[in-house]
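mind looking at a prediction? Sequence and model below.
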Amino acid sequence: MDDDLRIRDGLLAGREDALAEAYDTHAAAVYGIALHLTRDSGVAEDIVQDVFVDLWLRPERYDPGRSRLRGWLCMISRRRAIDWLRRRRTQELHRHALAESGVVLPYVEDEVMTSLAHKQVRKAVNELPFTHRQAIVLAYYHGLTYREVGVALGIPEGTAKYRLSSALRRIAEQVAAFT
Amino acid sequence: MTSDGELLAAFVVGACPDVEGATVAEHLDRCAACAAEAGPLRTAAEWLGELAERRPPRELRARVLTAARAARPPGDAEVDRLLAPYAAQVAAFDRLLGALDEPHWLRPAGPHATVRDLVVHLRANDATVAGAPGVLTPDVRRGWRSQTEVLVRTVAGAGRAGLDRPVPLAGRAPLRRPLREALTQRAFETWIHADDVRAVLGLVPEVPNPEQLMRIADFALRLLPGALDAAGRGRPHQVVRLTLTGAERLVTLSAATPATGSTVVAEIALSTERFCRLVAGRLTPPAGAAVTGDTGAALDFLAVAATMGCD
């Protein structure tokens, strides 16, 4: 957290080394989530560029008291990827998501260092009941709204919302245990 | 809406339809209970995002940095030299405030009735340089901190030319000095108040590095002749030789006459740190200074220095 604060102070002061440090530390996470959602490396690269240029232009938007810089950047990357997806046809989105059966977690390359925390989050997701995992993966990694999750799985939207919520709460409990 | 915790989870992972999402966002701004509930869910969602980590193509780095440079030119090294010590004090002070619990905020700090008053005071003094108010919030820590960010952003944005712009200094005397001096004063005041808060927490005082201490001492010494005149204790044609830690300065005892052609009437020796604390009004003169020569002139020098603080 102190590193996040230091980087942010550097960005505010317009120090380029702070931006380079932010990029070197977090670009893989930002790129990974964008690529996973869009399945298009060109689009994912554009998103990475937008995310870091925005961070450089408006570092004050990041609140170190509320989240870690990496998580925050990932959220923005993801939001942009979803915007891009939603500009495309919804039908196509559903088919694309279902083709994955909606239960595949992102594959992490061996060369990328994964922390113990990563492993614990992955384990928490894998230990979810199948139907709950399906809901969170469709929503989180495929950018579906809970209504779309309902349509995709052929379940009422209330059920989709419930599964999504209880999945995220379970993960939050596990995360709270190691943070 | 508190009953619909399920909607909160959907919102946090961005799985609400647009209109509904906007309603939830609005609600979270007003409802502390839901905002608190959303916190851990948001953290969990952020961790999910990191699972997808994948190294981007090598050439993307240069592309991103070039695009960033085009969108906002990097800061100037000279500006950074002055801003960095201030930013370091701000970060340290913010950490200290984060360590305070409710009763601490109501304890006396330095000359202020409460820590809260001290932060409000610091914020008001920063405002003279910041140029624009930060976020208006009843949370004094956040209000102060956000304003420091406006200050840093504004100063960095103005570049080297901005450093010579006259701005009001904090303190009893209504003085305008170049921004570069005001920045040293902001770092100085933030350090002193951080030590006030350290005292509240029972922590030992901290000292900036020697280079920064000397910059603060020189800032004060430039103002001292004028302050002596304003206090009616100016002594034209007289000079004090001040020996600080590893440095010596000749200080005229009136702004009306230059040092050249004046006579050294007294010698004062004390550490740079003690001199700075004296100027901040945190030590009582003579503050352990070793004095030789005209004792009256030396004591005037020290007494007026002790009135130059910001509170």
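Nice, thanks for sending it over.

if I look at B:Ala9, how far off is chain A?
Distance, B:Ala9 to chain A, by CB to the nearest CB, to the nearest Å: 4 Å. (Glycine included, C-beta is placed from N, CA and C.)

neighbours around B:Gly296, how many?
Residues lying near B:Gly296 (other CB atoms under 10 Å in any protein chain shown) number 12.

what's the spacing between stretch A:32-51 and its chain's center?
Computed by CA atoms, centre = their mean, to the nearest Å, the chain-centroid distance of stretch A:32-51 equals 11 Å.

now the element after the lowest-mean-pLDDT helix or strand in chain A, going C-ward?
Scoring the helices and strands of chain A by mean pLDDT, DSSP states H and E places helix A:90-99 at the bottom, with a mean of 57. Sequence-wise, the next helix or strand downstream of helix A:90-99 (DSSP states H and E) is helix A:116-126.

show me what counts as buried in that next one.
For helix A:116-126, a neighbour-count test (16 or more other CB atoms under 10 Å in any protein chain shown) marks A:His118, A:Gln120, A:Val121, A:Arg122, A:Ala124, A:Val125 as buried.

which non-adjacent residue is nearest the second one?
Spelled out, that is A:Gln120. Once flanking residues are discounted, A:Gln120 sits nearest to A:Phe178: 5.6 Å by CB to CB, 6 or more residues apart in numbering or on different chains.

same thing with the fifth one?
Take A:Ala124 and drop its neighbours on the chain: the residue closest to it by CB to CB, 6+ apart is A:Gln174, 3.8 Å away.

quick one: the strands in chain A?
Counting by DSSP state E, chain A has no strands to list.

low-confidence stretches in chain A?
For chain A, the stretches flagged by pLDDT under 70 are A:1, A:89-114.

let's see that with 50 instead.
A:102, A:109-112 (pLDDT under 50).

the stretch 101-250 of chain B against chain A: which residues are in contact?
Neighbours of chain A within the stretch 101-250 of chain B, by CB under 8 Å from any CB of the partner chain: B:Ser146, B:Glu149, B:Val150, B:Val152, B:Arg153, B:Ala156, B:Gly157.

for A:Asp4, the count of nearby residues, please.
For A:Asp4, using other CB under 10 Å, the count is 20.

pLDDT wise, what is B:Val135 at?
As predicted, B:Val135 sits at a pLDDT of 55.

and A:Asp46, what does it touch?
Contacts for A:Asp46 (CB atoms under 8 Å, 6 or more residues apart in numbering or on different chains) come out as none.

before we move on, the earlier item: B:Gly5: which of the buried residues of helix A:116-126 is nearest?
Nearest to B:Gly5 among those is A:Ala124, at 18.9 Å by CB to CB.

thinking again about what came up before, now the residue nearest to A:Gln120: how far from A:Asp4?
18 Å (CB to CB, to the nearest Å).

over to B:Thr257?
53 Å.

do the same with A:Ile82
Taking CB to CB, one finds A:Ile82 at 24 Å from A:Asp4.

now do the helices in chain B.
Here chain B has its helices, by DSSP state H, at B:5-12, B:18-30, B:32-50, B:60-71, B:77-98, B:102-105, B:115-130, B:140-158, B:179-201, B:210-230, B:272-279, B:295-305.

now the ones you listed as a markdown table including mean pLDDT?
Listed next are these as a markdown table, based on pLDDT from 0 to 100:
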| stretch | mean pLDDT |
| --- | --- |
| helix B:5-12 | 89 |
| helix B:18-30 | 88 |
| helix B:32-50 | 87 |
| helix B:60-71 | 95 |
| helix B:77-98 | 92 |
| helix B:102-105 | 94 |
| helix B:115-130 | 91 |
| helix B:140-158 | 89 |
| helix B:179-201 | 96 |
| helix B:210-230 | 96 |
| helix B:272-279 | 97 |
| helix B:295-305 | 96 |
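
let me have the ones you listed in a markdown table, extended by distance to A:Pro64.
What follows is the helices of chain B, written out as a markdown table (distance: least, CB to CB, whole Å):
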| stretch | distance to A:Pro64 |
| --- | --- |
| helix B:5-12 | 19 |
| helix B:18-30 | 19 |
| helix B:32-50 | 13 |
| helix B:60-71 | 20 |
| helix B:77-98 | 9 |
| helix B:102-105 | 21 |
| helix B:115-130 | 18 |
| helix B:140-158 | 10 |
| helix B:179-201 | 18 |
| helix B:210-230 | 24 |
| helix B:272-279 | 30 |
| helix B:295-305 | 38 |
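
thought A:Ala124 was touching A:Ala172?
No: here A:Ala124 lies out of contact with A:Ala172, judged by CB atoms under 8 Å, at a distance of 9.1 Å.

pull the contacting residues for A:Leu153.
A:Leu153 makes contact with A:Gly102, A:Thr131, A:Gln134, A:Ala135, A:Leu138, A:Ala160, according to CB under 8 Å, 6+ apart.

correct me, but the fifth one touches A:Gly150?
No: applying CB under 8 Å, one finds A:Leu138 not in contact with A:Gly150, separated by 9.9 Å.

the more surrounded of the two?
Comparing A:Leu138 with A:Gly150 by neighbour count (other CB under 10 Å), the higher total belongs to A:Leu138, at 29 against 21.

gap between that one and chain B?
Applying CB to the nearest CB to A:Leu138 and chain B gives a distance of 9 Å.

next one: A:Ala18
A:Ala18 sits 10 Å away from chain B, taking CB to the nearest CB as the criterion.

picking that back up, now distance to B:Val240 too, for the buried residues of helix A:116-126, in JSON lines please.
Formatted as JSON lines, the buried residues of helix A:116-126 follow (distance: CB to CB, whole Å):
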{"residue": "A:His118", "distance to B:Val240": "63"}
{"residue": "A:Gln120", "distance to B:Val240": "65"}
{"residue": "A:Val121", "distance to B:Val240": "65"}
{"residue": "A:Arg122", "distance to B:Val240": "69"}
{"residue": "A:Ala124", "distance to B:Val240": "69"}
{"residue": "A:Val125", "distance to B:Val240": "71"}
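
how many residues are close by A:Gly154?
6.

list phi and psi for it.
Per-residue torsions, A:Gly154: phi 70, psi 40 (degrees, to the nearest 10).

separation between it and chain B?
Distance from A:Gly154 to chain B, by CB to the nearest CB: 17 Å.

show the contacting residues for that residue.
A:Gly154 neighbours (CB under 8 Å, 6+ apart): none.
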